[in-house]
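*Asks:* All I have is the shape, not the residue letters:
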């Protein structure tokens, strides 16, 4: 039975602010004979009244149908959250606060390993708190808590807990709640068609968790795979870094859009990344699009720990990756052809706790992080018959190193092919703010000879995966 007395402090605070605003609105209507409320922050009531409330309710059902003889799983989570943003103080400063609480309404035993392989649940446990799979109700998180200063024409600097927006650290919102970061973030927009982002991040709250962690602590909350010698990786809890420094520049020059980004994880590794996208002029609703990405990684300091077996990034190892796309957009849909190559120099490494990879070939529910010598191709078809409906059919083929190639295959993942069918519907009228999403995923082994053991199959290939999501934003 759910214990509704466990209401988090942030929810009580937001409810108090909301009640204060409602009371003031009622009072103003009563004593001013429905006169317009003054645009003033001369008192606390008027100040709160001019702020902005936003809320989100979410229902998420997920299920996985594995190969016969291996465990299946399901889970249904529901949750709700509320946020508040103050009006600008002295036209420059604003404060933001938000939080979310959720419940595991119904699920299989997410703490029980598969009897045949001994492996834990992979997908459904991520809806809640993977650090405590048996926790069904004490699942709340203070998500945003920031001080923001606006300056110049459109620039701002934000200090505190916030939603990340970068190629490698991003919300990856494929569970009940997204990844969040804490730090100092600058967004500079004083030149036309130019955006400069500079960030220093010192704490992260990954999706599928409810706590906040130092940057080094956050690396290894998810399964850690194996090291280059085939032994279980030992970097979890042993990665030493003072934080993440990020610098990005985005420049739009006519129909060409260029992004340059650097992700610097002190004492661990550095990732340099560039993306260029060219679009044609729109003619009768039709448009071509071409994109190219390239990146390089290398170790910094001791790779995270002076003991090589406990380091996150191996010394004297580089990683190179390239990804490309060509797409064609029509009035009611689009089609895209994508390709990605990760060279055999080394594994592409990025903590899965921080976000999803930016490759064009990425499809929800699987990644190529932790891999080297990868050749991937995919196709995406989107159909939008109306403003309410959106359909997606995506398929990809991913050729990976053999599972016993420990140097280039961190998670023992076999080569695979994947098919995603997605649908979303946005309601209007009385139900405006409500949307429903369905995602069905099928993954199969690419070559039967690649499968060496059941551990390489469970929750990886020869499986169906289902997601039904209902959101209400207000």
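*Replies:* Arrived safely, thanks for sending. No experiment lies behind these values; they were computed from the predicted model shown. Residues are numbered from 1 along each chain as shown.

*Asks:* contacts, neighbours, all on C-alpha from now
*Replies:* Will do.

*Asks:* which SS class is the residue nearest to residue 126 when sequence neighbours are not counted?
*Replies:* Spatially, and ignoring its direct neighbours in sequence, residue 126 is nearest to residue 208 (4.5 Å; CA to CA, 6 or more residues apart in numbering). When classified by DSSP: H, G, I helix; E, B strand; the rest coil, residue 208 comes out as coil.

*Asks:* Could you pull out the strands in the stretch 51-200 of the chain for me?
*Replies:* Assigned by DSSP state E, counting those that start in this stretch, the stretch 51-200 of the chain shows strands spanning 52-65, 73-85, 93-107, 139-151, 155-162, 180-188, 194-205.

*Asks:* what stretches of this protein score poorly on pLDDT?
*Replies:* Applying pLDDT under 70 to the chain flags the ranges 1-42.

*Asks:* Domain parsing of it, as residue ranges.
*Replies:* 1-44, 51-473 (automatic domain parsing).

*Asks:* what would those domains look like in CSV with mean neighbour count?
*Replies:* As requested, these are arranged in CSV below (neighbours: other CA atoms under 10 Å):
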stretch, mean neighbour count
domain 1-44, 13
domain 51-473, 19
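
*Asks:* sorry, back to before: quick one, which of the strands of the stretch 51-200 of the chain gets closest to residue 439.
*Replies:* Evaluated with CA to CA, those place strand 52-65 nearest to residue 439, the distance being 9.5 Å.

*Asks:* Find the nearest non-adjacent residue to the one residue sitting closest to the centre of the chain, please.
*Replies:* The centre of the chain sits closest to residue 172, judged by CA atoms, centre = their mean, with a distance of 1.2 Å. Residue nearest to residue 172 in three dimensions, not counting chain neighbours: residue 355, with 5.3 Å by CA to CA, 6+ apart.

*Asks:* again with residue 395
*Replies:* residue 419 (4.4 Å).

*Asks:* which element follows the helix or strand where that neighbour lies toward the C-terminus?
*Replies:* Assigned by DSSP states H and E, residue 419 belongs to strand 416-426. In the C-terminal direction, the helix or strand that comes right after strand 416-426 (DSSP H and E) is strand 434-445.

*Asks:* Mind giving me the packing neighbours of that next one?
*Replies:* strand 416-426, strand 463-473 (3 or more CA pairs under 8 Å, 6 or more residues apart in numbering; DSSP states H and E).

*Asks:* Turn those strands into CSV, columns for distance to residue 410.
*Replies:* Below are the helices and strands packed on strand 434-445 laid out as CSV (distance: least, CA to CA, whole Å):
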stretch, distance to residue 410
strand 416-426, 15
strand 463-473, 21
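
*Asks:* Out of the ones you listed, flag the one nearest residue 123.
*Replies:* Taking the helices and strands packed on strand 434-445 one by one with CA to CA, strand 463-473 is closest: 9.0 Å.

*Asks:* re the thing from before, let me know whether the residue nearest to residue 126 touches residue 173 as I believe.
*Replies:* No: between residue 208 and residue 173 there is no contact under CA atoms under 8 Å: 10.1 Å.

*Asks:* what does stretch 156-168 contact?
*Replies:* 143-150, 170-171, 179-188, 261, 263, 350, 354-358 (CA atoms under 8 Å, 6 or more residues apart in numbering).

*Asks:* wait, stretch 321-337
*Replies:* Contacts for stretch 321-337 (CA under 8 Å, 6+ apart): 285-296, 338-343, 348, 359-361, 377-386.

*Asks:* So residue 312 sits against residue 304, correct?
*Replies:* Yes: using CA under 8 Å, residue 312 is in contact with residue 304, at 5.6 Å.

*Asks:* joint contacts of those two?
*Replies:* Contacts common to residue 312 and residue 304, judged by CA under 8 Å, 6+ apart, are 235, 239, 268.

*Asks:* between those, which is closest to residue 464?
*Replies:* Out of those, the member with the shortest distance to residue 464 (by CA to CA) is residue 235, at 31.6 Å.

*Asks:* show me what contacts the residue lying closest to the closest one once chain neighbours are set aside?
*Replies:* The shortest distance from residue 235 to any non-neighbouring residue, by CA to CA, 6+ apart, is to residue 310 (4.5 Å). Listed by CA under 8 Å, 6+ apart, the contact partners of residue 310 are 233, 234, 235, 236, 238, 239, 304.

*Asks:* picking that back up, state the distance from the residue nearest to the centre of the chain to residue 107.
*Replies:* 23 Å (CA to CA, to the nearest Å).

*Asks:* quick check, residue 216 in a strand?
*Replies:* No: assigned with three-state DSSP, residue 216 falls outside any strand and is helix.

*Asks:* out of the strands of the stretch 51-200 of the chain, nearest to residue 411?
*Replies:* The nearest among those, by CA to CA, is strand 52-65 at 19.3 Å.

*Asks:* Which secondary structure elements does that closest one sit against?
*Replies:* For strand 52-65, the packing partners by 3+ CA pairs under 8 Å, 6+ apart are strand 73-85, strand 463-473.

*Asks:* TSV for the ones you listed, including distance to residue 130?
*Replies:* Converted to TSV, these look like this (distance: least, CA to CA, whole Å):
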stretch	distance to residue 130
strand 73-85	13
strand 463-473	18
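
*Asks:* Which one of the helices and strands packed on strand 434-445 lies nearest to residue 447?
*Replies:* Closest to residue 447 of the helices and strands packed on strand 434-445, according to CA to CA: strand 416-426, at 7.6 Å.

*Asks:* That closest one pairs with which strands, parallel or anti?
*Replies:* Here strand 416-426 is paired, per DSSP bridges, with strand 389-399 (antiparallel), strand 434-445 (antiparallel).

*Asks:* Can you give the contact residues for the longest one?
*Replies:* In this structure, residues lying in contact with strand 434-445 by CA under 8 Å, 6+ apart are 365, 414-428, 451, 460-473.

*Asks:* one step back: now, which of the contacts of residue 310 sits nearest residue 222?
*Replies:* Nearest to residue 222 among those, with distances taken as CA to CA, is residue 236, at 9.0 Å.

*Asks:* My read is that that closest one contacts residue 220, right?
*Replies:* Yes: with contact defined as CA under 8 Å, residue 236 counts as touching residue 220 (4.2 Å).

*Asks:* Thank you kindly, that will do.
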